[in-house]
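# Just the structure for this:
(chains A and B)
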Amino acid sequence: MSVDTVKQPNWFSRLAHPGQFLAWSRYLIWPLAIATGLSFAIGLWFAFFNSPEDYQMGDMVRVMYVHVPNAWLSQLVYGVMAVSALGTLVWRHPLADVANKAAAPLGAVFTALALYTGSLWGRPTWGTFWEWDGRMTSTLVLLLIYLGIIALWRAFDDQLKAGRIIAIVTLVGALNIPVIKFSVDWWNTLHQPASVFTKDGPKMPGSILTPLLVMMLAFTLLFALLQVVRMRTEILRRRAETLSRQAALQGVAK
Amino acid sequence: MIGDGAHIEFIAWAYVGVAVLTVALVAYVVWDSVRVDARLKALDKAGIRRRSDESKR
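Numbers count the residues shown, from 1 in each chain, chains lettered A, B, ... in the order given. Model prediction:
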């Protein structure tokens, strides 16, 4: 067979090769870090100095600028993990389970922060830190799913086998995402209905929507940055473990 | 601009909690990355490296 007739991998396969990923992703880290820092600086300036009080909640509206981005990320990160799970099961994509493992702790932290800020927001506005209603309970379930997935990753020595099992668990857990999203429509709940992502567009004035969107961008960029760094770390960790095993085997053979 | 009226402590605790946990998360990710880099460097120093890396030398 001549060289010309050998099927070349497509651009996606080339980008997805762990070695290639390590090569190109290093150029993302500093631009992402700078964009994240700038977005947080602008978002926090808006949140504290250029955002009006809400006519009902007063200054408590400022908690929304950290609560909503974390709530948004708690679901987005799980979406990334669900797509990665499909990548593992359907396409056996070499980076898919790396992406799943890298994202799980990030999703757990963002979900914990959404619950924490939500309860602080709830006390003055609803009169309680916690209520077992649809939105809060399903978000707590999401946190438990994240913790379960992290525990599963730690329970297996064989990371490829773990990847397939965790991919199935991740996809089963994805059923909770629409429950979180639509819980405020399906059940009577203390939590307010959706006010940013609605069919008719955001239901809030621009002076409050702008800081919210900037803070959502900042947290999303932070997630992208941490995800890239964690994926690189995971690829290198697997490389180090393979080398350590090979060295141990060679030592035994000698 | 933020006032110093009612519920200021809830706002302060929300932002402090988010800042502490976010900084801790970033620190953990950086620490983990540095640790793995150091492990690979130690293996390389001991002459244990991938064949593809050796062929580049």
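# Find the helix or strand that residue A:151 is a member of.
Assessed by DSSP states H and E, residue A:151 sits inside helix A:134-155.
# mind listing what's buried in the helix or strand just after that helix?
Remark: after helix A:134-155, the chain's next helix or strand is helix A:159-173, criterion DSSP H and E. Counting neighbours by 16 or more other CB atoms under 10 Å in any protein chain shown, one finds that the buried residues in helix A:159-173 are A:159, A:162-163, A:166-167, A:170, A:173. In short, each C-beta sits where N, CA and C put it, glycine included.
# Show me what whichever helix or strand comes after helix A:159-173 is packed up against.
Helices and strands here follow DSSP H and E; after helix A:159-173, the next one along the chain is helix A:176-186. Secondary structure elements in contact with helix A:176-186, counted by 3 or more CB pairs under 8 Å, 6 or more residues apart in numbering or on different chains; DSSP states H and E, are helix A:61-89, helix A:134-155.
# who in chain A is up against chain B?
Taking CB under 8 Å from any CB of the partner chain as the test, the list of chain A residues beside chain B reads A:19, A:48-50, A:53, A:58-60, A:62-63, A:66-67, A:70, A:105-106, A:109, A:112-113, A:116-117, A:120-121, A:123-124, A:222, A:226, A:229-230, A:232-233, A:236-237, A:239-240, A:243-244, A:246-247.
# interface residues of chain B facing chain A?
Near chain A, when you scan chain B using CB under 8 Å from any CB, you find B:1-3, B:5-8, B:10-11, B:13-15, B:17-18, B:21-22, B:25-26, B:28-30, B:32-33, B:36-37, B:39-40, B:43, B:46, B:48-50, B:52.
# Buried only: go through these for me.
When burial is judged by neighbour count using 16+ other CB under 10 Å, the buried members of those are B:7, B:10-11, B:14-15, B:17-18, B:21-22, B:25-26, B:29, B:32-33, B:36, B:39-40, B:43, B:48-50.
# ok now the longest helix along chain B, how far from the chain's centre?
Using DSSP state H to assign secondary structure, the helix with the most residues in chain B is helix B:8-45. Taking the mean C-alpha point of helix B:8-45 and that of its whole chain, the gap between them comes to 3 Å (CA atoms, centre = their mean, to the nearest Å).
# Would you agree residue A:122 is in contact with residue A:133?
No - distance between residue A:122 and residue A:133: 10.2 Å, which falls outside the contact criterion (CB atoms under 8 Å).
# For stretch A:101-116, give me every contacting residue.
A:66-67, A:70-71, A:73-74, A:77-78, A:80-81, A:84, A:136, A:139-140, A:142-143, A:146-147, A:149-150, A:153, A:159, A:163, A:166, A:219, A:223, A:226-227, A:230-231, A:233-234, B:14, B:17-18, B:21-22, B:25, B:28 (CB atoms under 8 Å, 6 or more residues apart in numbering or on different chains).
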